[in-house]
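# okay, structure incoming, though there's no sequence with it:
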């Protein structure tokens, strides 16, 4: 059987086994087991930071809270971080003095080469969201300039990158033995160095290896990637996408963000925007109408949101020899503060992170308390337990129990039907439907058990929206140029509409909309969709004029408001155009 269609056993069960072999773990020992399966990390060649120890970081940091500095740099030890420190406290590794000491040659050494064609990889609306995010940086508190360079210099002076360090623990969760690994970086420089989402002092990334307790062999590997969770973040050891070297999974860390991936490449990562999810539904409906192929616009995580690029080619340092330290102690168990500068960013992205156990609000992370739930492994059993957990007698007993519940529910519905409100009747009907669905699934399990295919489950059947690296991308000057000027042109056009009087609103809006849509389609080679979209654009513009025209006409006399709003849009357009042009020139020179 080829690897692409390989199957594994032991992913479905009815009841847990009566007993489990734990003596193997006791004989092996936690330290030996953690070293046996510690992941190998592959870094980007441009990466400035490596997994480091927290001791030197804490000792070189100030501890600060709302009232001011609690402890100065050099006066704080790791074991002093505990619940005596308030949840509003944070560590500050880089001070204003550190930033002032940065020299010109240091800045040149930390200049990064960003990904070519970053904006060309996403559509018009994705670029609009990117522009909105860029403009928000002018209003939000962010990590001060030169922090990245100062962090590189200070970390090197302290020797924090001499030996790669990871923190680890062993957890017995459900029927699994879970190896939990945590990696600490001095800084996340994704925004300043690679045009990503954010910068923040300190960064924690994590990985889990789920082992069969019978022989402690790895079965699943899960990783952290931004704020995502669920089945898409794990891979089976038999999955051809995951490389295993002598029992060690190989993971690829993205430049700056340090998000972990299972194979090398560049990933378009979209940061979800909860308040705008309805736009995703509209987009999907339009895509289905056009029958357009979206293969040229891949991404990881949600298919809608602000697009950024994670670059994880794995062409830099490979980390295979680790100083593995215990993920335990008061600094892990009870310190609820932040590990980096708290800028107070309302969008959270520029604030320092919390530790492996707690989130920024001081609550315990789901990934810490429930690693099985984080990786969507509840209900799954290790291969050695699956056969013992399921037999025809247990299935028949479960079916008999379900039949009793279904029969009882039906009788209750018939007796109470006339006395229940329509809402209650719908709820009762839904509960009966759920029981019937479980009954059908269990009946199917019984059939598979009898024909010998019960445990055959594809190693990738659990994946819904897995992160997929984009192919080698060469945008060309036409597409790159249009990607850089399209959103500034759109903002400038809106400014022109605002500044012009209401009489010219209709013609200006229609011309701008049709022109931008036309160029977007032609540049991206979507000629067949041009006619339909152009017609749709005209209809949308006409409807907008009919609905909003009176409003625009009413405020046309508000000269000050119009000039302030229109002027702000023009300044934003020029700022984005300058930023995008500098990005293109930066890549062209290197």
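Looks like it arrived, so ask away. Values in this document were obtained by computation on a predicted structure and should not be read as measured data.

# setting aside sequence neighbours, what's the nearest residue to residue 465?
Nearest residue to residue 465 in three dimensions, chain neighbours excluded: residue 232, at 5.7 Å (Cβ to Cβ, 6 or more residues apart in numbering). No exception for glycine: its C-beta is placed from N, CA and C like everyone else's.

# may I ask you to confirm that that neighbour is in contact with residue 463?
Yes - contact criterion Cβ atoms under 8 Å: residue 232 and residue 463 qualify, at 5.8 Å.

# in the stretch 1-150 of the chain, which spans are strands?
With strands called from DSSP state E, counting those that start in this stretch, the stretch 1-150 of the chain shows them at 7-8, 40-42, 62-65, 68-71, 90-92.

# ok, which of those strands comes nearest residue 432?
Among the strands of the stretch 1-150 of the chain, strand 7-8 comes nearest to residue 432, with 34.0 Å by Cβ to Cβ.

# let me know the average pLDDT across the closest one.
For strand 7-8, mean pLDDT rounds to 40.

# now swap in stretch 137-157 and tell me
Rounded mean pLDDT across stretch 137-157 is 92.

# repeat that for stretch 318-336.
Mean predicted confidence for stretch 318-336 is 96.

# most tightly surrounded among the strands of the stretch 1-150 of the chain?
Stretch with highest mean neighbour count among the strands of the stretch 1-150 of the chain: strand 90-92 (a mean of 25; mean count of other Cβ atoms under 10 Å).

# let me see the contact set for the closest residue to residue 77 other than its chain neighbours.
In space, and not counting its chain neighbours, residue 77 is closest to residue 59: 6.6 Å by Cβ to Cβ, 6+ apart. Residues near residue 59 by Cβ atoms under 8 Å, 6 or more residues apart in numbering: 73, 74, 76, 77, 78.

# what about the fourth one, neighbour count?
This means residue 77. 11 (other Cβ atoms under 10 Å).

# cool, the last one as well?
By the measure other Cβ under 10 Å, the count of residues near residue 78 is 17.

# then the second one?
The number of residues packed around residue 74, counting by other Cβ under 10 Å, is 9.

# what do you get for the first one?
Neighbour count for residue 73, taken as other Cβ under 10 Å: 18.

# list the contacts of it.
59, 60, 61, 62, 95.

# touching, residue 61 and residue 89? I think so.
No - judged on Cβ under 8 Å, residue 61 makes no contact with residue 89 at a distance of 11.2 Å.

# between these two, which is the more surrounded one?
residue 61 (25 against 20).

# find the nearest non-adjacent residue to the more buried one, please.
That would be residue 91: by Cβ to Cβ, 6+ apart, it lies 4.2 Å from residue 61.

# contacts only, for the one you found.
57-58, 61-64, 201-202, 337-340, 352.

# that one and residue 354: what is the separation?
Taking Cβ to Cβ, to the nearest Å as the criterion, residue 91 is separated from residue 354 by 11 Å.

# anything in contact with each of the two?
Joint contacts of residue 91 and residue 354 (Cβ under 8 Å, 6+ apart) are 337, 338, 339.

# any chance of JSON lines for those residues, columns secondary structure and neighbour count?
Output for the shared contacts of residue 91 and residue 354, formatted as JSON lines (DSSP: H, G, I helix; E, B strand; the rest coil; neighbours: other Cβ atoms under 10 Å):
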{"residue": "337", "secondary structure": "coil", "neighbour count": "23"}
{"residue": "338", "secondary structure": "strand", "neighbour count": "24"}
{"residue": "339", "secondary structure": "coil", "neighbour count": "27"}
